[in-house]
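> predicted model, plus sequence, below.
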Amino acid sequence: MATLHINEERCKGCGFCVMSCPKKALSLAARPNTAGYYPAQCDDEKCIKCGICYTVCPDIVFTITED
Amino acid sequence: MKELWKGNHAIAEAAMRAGCMFYAGYPITPQTEVGEYLSGRMPELGRKFIQAENEMAACYMLQGAGSTGMRCMTSSSGPGFALKQEAIGYLCSNWIPTVFVNVIRWGPGLGSLDSAQTDYFQATRGGGNGDYRLPVFAPNSIQETIDLMYEAWDMAEKYRNPVMILSEAALGQMMEAVEFPEFKEGPKQSEMDWVWDGVGDRHSFNHGTPLYVDKPRRVREKIETMQENEQRWESYLVEDADYVCVAYGLPSRTTREAVDQLRAEGIKVGLIRPIMVWPFPFKAFAEIKKDVKGIISIETTDAGQVVEDVALATKKMVDGNVPVYGLYTAQKVVRPSEAVAFIKRVIAGEEKEVF
Amino acid sequence: MAVTKSVPRLLENPHTLCPGCGHGIVFRLLAEVLEEEGYDQKTILTLGVGCCCNMNPPAWKGDVIQTAHGRAGATATGVKVGRPDLLSIAYQGDGDAYVIGLAETLNAAYRNEPITVITVLNNNFAMTGGQMSWTTMPGQVTVTSPNGRDCDITGLPIKVPEIVASFENVNYVARGTTISAAEINKLKKYIQTAVRNQIEGKGYSMVEVVSPCPTNWRKGVADCAAWMNEEVIPYYPLGELKNNNK
């Protein structure tokens, strides 16, 4: 069972992950982080933990752990 | 036993004896023989020689190798050193020990191949951006060049700073009988506590550490320490002198001859010969008597460069009212007869003081 | 289907690059490759001047030399002389490596110096606010080509990897991009090959990365990708330009 973790404070809201997610599981949150960016958020039901978000993210916002 | 060696070859061989492991340089007259000699000698000794694409690239190769603690150097002349100014600044900024040799020819621009001291300001004031200084050695013979080269890296590593040796065209091209010291090595890279080593924990430029943040204070501390501890000069007949000449490098030899000639006529003249021109040997001027009648800078420049440091030293250590004169011989080393004539004109009140 | 992904140690600290900048991806790939090859503590990275300066420590937790604008080819050469046992990697933008530093970049390649050079190409001088670079596309508006780049008087976009690949001795030259996950995975292989080349003592490698610059192109990431697909990548073909190991 894998878990996707999102480090909101690293996110700059560029949206590359939103554009790249094959399951359209990602979107940008309505509430900004402390830097003022709108961070990525994930609909966990759609997420298949494929890691593409990790691959395209310039800021290493996403990590995936095996529980 | 002494052997006859050409200045540029002697500089190169002395660097080998001093533990230089890497030379990068570009041909430029009148110092090309330094690189030519090393292109054969270094492979013989298992060391690295690179003919760089230009004088800037040579310096940045030194930044790379010097950061790892390797003893490295380059040599050039005026126009090449003009290109190197930014690099010297980077080396000072990153506290990297390196050795530079400038075999000065008359400038600016393409200049000419005449032996000169016209890069004095460039060496001692610095043409790069920012506030930095280099210890600058100023030998007046090939033997002294060898001896100063032999300790150049020791000084560079002591302060973690580039150092420069000023030679000049004639000194680079002429031959004198010299002896070389034994080969010695620099410290091992693994034992140096400040080097770039692939990990990044040893030197203090990583990770926003205090050295980087506190730079201005540490720079000032380093510069003031060098100024206090590294002044070096030779005094000749200064104590009772009514007129004191100041000359470094080859002009100091012919000026000394002039001093001897004048003394033989009963005129009390002396000579201060800076052996390091930065830090300028202010302390040497403490030996001058307070009622000295004049200080004379004798230099191979067009319009006077060393004279400014001479004036500052006179003000600081003797008396601000003592007149300072300048004999500028532009594209040739001063002849003793010229110096004698000038000093006599000074004594006769026929020369206007500069300061 | 699930994979595990963690933050490489070298990049534990966040960086200050712009949102959507390709540099962040390239640095992560480099960190991954170095850690996988066991060289993350045996590498000296030489940074040029430009947006790559954002990766000075604390952003990069490895050993970094900051050198002068354009000169990383020479500095990285010197690093390898000083410590031939370590990896010497130069990391530069296109302004740094192909404009002010063209001489040093080409000469290090020409001499087949045993270093790895990574250049990031984004069609402008980004750090200084988006001036024209030699890689700016024909007609592209920048702050120093306000009427669109006139290539008749400023030259056509320069292809340095092609020039480097023409030097007989050079070992490996590749061009990748960060435009999609698939391309990023290919780019990682190019970087891995270049790094392995150096570990095995095989001579000079260069990897150029065609990257977006959302800030200076004034485009969001989707529009950046579209423009790159339309204009930049057709002009700058992707793939391995030279591989002397085959």
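Nice, thanks for sending it over.

> use CA for all of it now, contacts and neighbours both
Will do.

> quickly list what the residue positioned nearest the centre of chain A is bridged to.
The centroid of chain A falls nearest to A:Ala40 when counting by Cα atoms, centre = their mean (4.6 Å). On the basis of DSSP bridges, A:Ala40 is bridged to A:Leu28.

> how about it, what does it touch?
Listed by Cα atoms under 8 Å, 6 or more residues apart in numbering or on different chains, the contact set of A:Ala40 reads A:6, A:8, A:11, A:13, A:15, A:17-18, A:26-29.

> give me that answer again for 7 Å
Listed by Cα atoms under 7 Å, 6 or more residues apart in numbering or on different chains, the contact partners of A:Ala40 are A:11, A:13, A:26-29.

> roughly how far does it sit from C:Ala226?
Relative to C:Ala226, A:Ala40 is positioned 22 Å away (Cα to Cα, to the nearest Å).

> and B:Cys92, by the same measure?
Distance, B:Cys92 to C:Ala226, by Cα to Cα: 45 Å.

> quick one: which of these two has more around it?
Higher neighbour count among B:Cys92 and C:Ala226: B:Cys92, with 22 against 14, using other Cα atoms under 10 Å in any protein chain shown.

> any idea of the pLDDT on the residue nearest to that one when sequence neighbours are not counted?
Nearest residue to B:Cys92 in three dimensions, chain neighbours excluded: B:Asn161, at 5.7 Å (Cα to Cα, 6 or more residues apart in numbering or on different chains). The model reports B:Asn161 with a pLDDT of 96.

> and residue 67, what is it in contact with?
Here I'm looking at chain A. A:Asp67 neighbours (Cα under 7 Å, 6+ apart): A:1-2.

> correction: the question concerned chain C.
Applying Cα under 7 Å, 6+ apart to C:Thr67 gives the contacts C:46-48, C:75.

> restricted to helices, list the residues you listed.
Using DSSP state H, C:Thr75 are the members of the contacts of C:Thr67 that sit in helices.

> which ones among the contacts of C:Thr67 lie within strands?
Judged by DSSP state E, strands contain the following of the contacts of C:Thr67: C:46-47.

> what number of residues lie near residue 26?
If you meant another chain, say so; for now it's chain A. Other residues near A:Leu26 come to 22 when the count uses other Cα under 10 Å.

> other chain: chain B
24.

> wait, isn't it in contact with B:Gln51?
Yes - B:Tyr26 sits in contact with B:Gln51 when judged by Cα atoms under 7 Å, with a separation of 5.9 Å.

> and the gap between the residue lying farthest from the centre of chain A and chain C?
Distance from the C-alpha centroid of chain A, by Cα atoms, centre = their mean, peaks at A:Asp67 (18.5 Å). Separation of A:Asp67 from chain C (Cα to the nearest Cα, to the nearest Å): 10 Å.

> just the pLDDT for residue 26.
I'll assume chain A. At A:Leu26, the pLDDT recorded in the model is 98.

> wrong one, chain C
Reported pLDDT for C:Val26: 98.

> dump the helix or strand where it lies to CSV, restricted to CA.
Using DSSP states H and E, C:Val26 falls within helix C:22-37. Only the C-alpha atoms of helix C:22-37 are listed here, as CSV (Å, rounded to 0.1, in the frame of the first residue of the first chain):
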residue,chain,number,x,y,z
GLY,C,22,13.5,23.3,-16.0
HIS,C,23,16.6,23.7,-13.9
GLY,C,24,14.9,22.2,-10.9
ILE,C,25,14.2,19.0,-12.8
VAL,C,26,17.8,18.8,-14.3
PHE,C,27,19.3,19.3,-10.8
ARG,C,28,17.1,16.5,-9.4
LEU,C,29,18.1,14.1,-12.2
LEU,C,30,21.8,15.0,-11.5
ALA,C,31,21.3,14.3,-7.8
GLU,C,32,19.6,11.0,-8.5
VAL,C,33,22.3,9.9,-10.9
LEU,C,34,25.1,10.9,-8.5
GLU,C,35,23.5,9.1,-5.6
GLU,C,36,22.8,6.0,-7.7
GLU,C,37,26.4,5.9,-8.9
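
> contacts for that helix?
Residues outside helix C:22-37 that contact it (Cα under 7 Å, 6+ apart) are A:56-59, C:8, C:10, C:40, C:178, C:188, C:191-192, C:211-212.

> pull the most distant pair out of these.
Greatest spacing in these, by Cα to Cα: C:Asp40 and C:Pro212 (26.7 Å).

> cool, thanks, signing off.
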